[in-house]
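Engineer: fold the following, please.
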Amino acid sequence: MDELKKINFELPKITFEDEISKWKEFYLKYLYHFKGNRNEVLAKLQTLYQGYQIFANRKTLLSSETVKLDIEAEDFIKKQFHKDIFTNFSKIPEVKQKSLSQDVDNFWGKLGLIILESFAHISNELIATANYRFQFLKFIYDCYYNYGLHPNITKREHNIFGRYNIVIEFSENRKTEKETKPYLKKKDLEDNILRAWENNIDLTINGRIIKHKNIKRIKASYTLLKIDEIPLFAQKHGFSWTNQLKDIETFINTCPDVTDQIIKNPKLKALDKKKELENKAEIKQLEFKNQSISYIDIDRISELKNLKNKKFDLSKLIQICEELNNAAISKSYYSVSLLGRAVIDHIPPIFGCKNFSEYANNKSAKSIKSTLLNLEVSLRNISDNHIHSQIKQKEITPNIKQIDFSNDLDVLLGEVIREISADNNVTT
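Structural biologist: Numbers count the residues shown, from 1 in each chain. Next up, the predicted model:
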């Protein structure tokens, strides 16, 4: 058995962008133009790295056990790959503990750091060698299998790396034509394409003005790839992406389709806008004299709910107020006038009066008498007419202006709260 030699590496943190870069650099330098039979090479690499994986999982290892596998692996790598790969497969990179804490500029040094992370504390030199060769071959296999595109690309931040690709299909001179635009930032897409489309106006792409009415289709796809990764993506999916020829449409069609997520029918957009304006108009129409969108102010109802009194149960008054709000929102204006009258008929005992007329004329403060008399005269008369009038040939139904006593009722409810709050029988 070979003499044991302790290896205790302390490696710097490797980010997933580092791993992405190493795959990409390695593939572009050594595998992008590789001419071997792809399936056969991948199958052989898998057999070899699995063989070293078995040895790497041993606690101890005899040098004779790895000889056959070493000869087979070295012969295969020497025949199939660049001499740099053979050289670095044949040895473990000598990286001293001190230098590991510093930046490494050499490509193979950086690659070695990534591979060495997986067995930094293995003590048996033979096992460490087997583990290194397992990791090295597995790295080549994964890199080649994925065309140099590391799976961590999908973990990139979308707001930094996300790009959109657009195909616009339109008619011109009785012919169907297309304009494509790859690799757009989200803001550029929104400002230059979507904004025009959603507002039914002509748009400009690649310096060409396309009339909105001529657009037949817009397709959008999405990618997290960097520019220099697109050639690898193209090779993986079998289309051209070189300085001389870029098959942009195939690239766009190969990336994940996101058309339905980002492009909305302009007519639906217009309907949404119309609905939004109608809702605003509706809300404005429901603003009552009390400057609230609730006929009885919600805070006023909350104040009533927080009052407790041994002499008067306010639950009916509160219920009438809440029903008043529901009736006003649903434009049930007959109900609003009747419920408003129910309020003034319900509360006189709180002020020690037999009816509302007595309170409004004799016991109310002078500053609010005109407000209360408006309820007694106008609200009561309107409500009486709604209750007692018989059917006619032509009816004039009430509108919000006719039955809007919200401001007067708010003053009255404020007096109710003040009166009960000052009563000695109030409990909280």
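Engineer: identify the residues contacting Leu126.
Structural biologist: Contact partners of Leu126, counting by Cβ atoms under 8 Å, 6 or more residues apart in numbering, are Asp2, Phe55, Leu61, Leu62, Ser63, Thr66. Quick note: C-beta positions are derived from backbone N, CA and C, even for glycine.
Engineer: looking at this, it is in a strand?
Structural biologist: No - checked against DSSP: H, G, I helix; E, B strand; the rest coil, Leu126 lies outside a strand; its state is helix.
Engineer: farthest-apart pair in the contacts of Leu126, please.
Structural biologist: Pairwise distances among these were taken by Cβ to Cβ; the largest, 13.3 Å, belongs to Asp2 and Phe55.
Engineer: more crowded one of these two?
Structural biologist: Here Asp2 and Phe55 are set side by side on neighbour count (other Cβ atoms under 10 Å), and the busier one is Phe55, at 19 against 12.
Engineer: could you look up the SS state of the nearest residue to the more buried one once chain neighbours are set aside?
Structural biologist: The shortest distance from Phe55 to any residue other than its chain neighbours is 3.9 Å, reached at Ala130 (Cβ to Cβ, 6 or more residues apart in numbering). Under three-state DSSP, the three-state class of Ala130 is helix.
Engineer: next, the contact list for Ala130, please.
Structural biologist: In this structure, Ala130 makes contact with Tyr52, Phe55, Ala56, Arg58, Leu61, Thr66, judged by Cβ under 8 Å, 6+ apart.
Engineer: neighbours of Ile347, just the number please.
Structural biologist: By other Cβ under 10 Å, neighbour count at Ile347 equals 22.
Engineer: roughly how far does it sit from Leu324?
Structural biologist: The spacing between Ile347 and Leu324, counted by Cβ to Cβ, to the nearest Å, is 14 Å.
Engineer: cool, Ala422 as well?
Structural biologist: Using Cβ to Cβ, Ala422 is found at 25 Å from Leu324.
Engineer: repeat that for Pro398.
Structural biologist: Separation of Pro398 from Leu324 (Cβ to Cβ) stands at 14 Å.
Engineer: those two: which is more packed in?
Structural biologist: Here Pro398 and Leu324 are set side by side on neighbour count (other Cβ under 10 Å), and the busier one is Leu324, at 25 against 16.
Engineer: where along the stretch 51-200 of the chain do the helices fall?
Structural biologist: 63-80, 83-89, 107-116, 125-145, 158-161, 186-189, 195-198 (DSSP state H, counting those that start in this stretch).
Engineer: nearest to Glu169, of these?
Structural biologist: helix 195-198 (12.7 Å).
Engineer: so for the very next helix or strand once past the closest one, what gets flagged as buried?
Structural biologist: Next in sequence after helix 195-198, counting helices and strands by DSSP states H and E, comes strand 203-205. Of the residues in strand 203-205, Leu203, Ile205 count as buried by neighbour count, 16 or more other Cβ atoms under 10 Å.
Engineer: hang on, the earlier thing: distance of the residue nearest to Phe55 relative to Lys394?
Structural biologist: Separation of Ala130 from Lys394 (Cβ to Cβ): 101 Å.
Engineer: buried residues in the helix or strand hosting Ile420?
Structural biologist: Take DSSP H and E as the rule and Ile420 turns out to sit in helix 406-422. Buried residues in helix 406-422, defined by neighbour count with 16+ other Cβ under 10 Å: 406-413, 415-417, 419-420.
Engineer: near the residue nearest to Arg133 when sequence neighbours are not counted, how many other residues are there?
Structural biologist: By the measure of Cβ to Cβ, 6+ apart, the closest residue to Arg133 outside its immediate chain neighbours is Tyr52, 4.6 Å from it. For Tyr52, the count of nearby residues is 23 (other Cβ under 10 Å).
Engineer: do I have it right that Lys178 meets Glu169?
Structural biologist: Yes - counting by Cβ atoms under 8 Å, Lys178 does reach Glu169; the two are 5.3 Å apart.
Engineer: for Lys246, name its beta-bridge partners.
Structural biologist: With DSSP bridges applied, Lys246 shows beta-bridge pairing to Trp241.
Engineer: for the residue lying farthest from the centre of the chain, give me its contacts.
Structural biologist: Ranked by distance from the centre of the chain (Cα atoms, centre = their mean), the top residue is Asn362, with 63.5 Å. The contact partners of Asn362, taken as Cβ under 8 Å, 6+ apart, are Cys353.
Engineer: ok, now how distant is it from Phe26?
Structural biologist: For Asn362, the distance to Phe26 (Cβ to Cβ) stands at 98 Å.
Engineer: mind saving the C-alpha coords of stretch 155-163 as PDB?
Structural biologist: Included here for stretch 155-163 are C-alpha records, laid out as PDB according to Å, rounded to 0.1, in the frame of the first residue of the first chain:
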ATOM      1  CA  LYS A 155     -31.000  30.400 -11.100                       C
ATOM      2  CA  ARG A 156     -29.900  33.800 -12.400                       C
ATOM      3  CA  GLU A 157     -31.800  36.900 -11.300                       C
ATOM      4  CA  HIS A 158     -34.500  37.700 -13.800                       C
ATOM      5  CA  ASN A 159     -34.400  41.400 -13.300                       C
ATOM      6  CA  ILE A 160     -30.700  41.400 -14.200                       C
ATOM      7  CA  PHE A 161     -30.300  38.700 -16.800                       C
ATOM      8  CA  GLY A 162     -33.800  38.300 -18.200                       C
ATOM      9  CA  ARG A 163     -34.200  39.200 -21.900                       C
END
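Engineer: other residues contacting it?
Structural biologist: By Cβ under 8 Å, 6+ apart, the list of residues contacting stretch 155-163 from outside reads Phe16, Pro182, Tyr183, Leu184, Lys185, Lys186, Tyr222, Thr223, Leu224, Leu225, Lys226.
Engineer: for the record, mean pLDDT for that stretch?
Structural biologist: Taken as a whole, stretch 155-163 carries a mean pLDDT of 94.
Engineer: quick thing: my sequence starts at 44, can you match it?
Structural biologist: Okay, residue one is now 44; in that scheme the one you just asked about reads as stretch 198-206.
Engineer: could I get the buried residue list for it?
Structural biologist: Of the residues in stretch 198-206, those scored as buried under the neighbour-count criterion (16+ other Cβ under 10 Å) are Arg199, Arg206.
Engineer: taking helix 449-465 as reference, get the angle to the helix or strand where Ala371 lies.
Structural biologist: With elements taken from DSSP H and E, the one containing Ala371 is helix 358-372. Here helix 358-372 runs at an angle of 160 degrees relative to helix 449-465 (axes from the mean of the first three to the mean of the last three Cα atoms, to 10 degrees).
Engineer: could you measure from the residue nearest to His389 when sequence neighbours are not counted over to Leu367?
Structural biologist: Excluding its sequence neighbours, the residue lying closest to His389 (Cβ to Cβ, 6+ apart) is Leu360, at 5.9 Å. Note on Leu360: its distance to Leu367, by Cβ to Cβ, is 11 Å.
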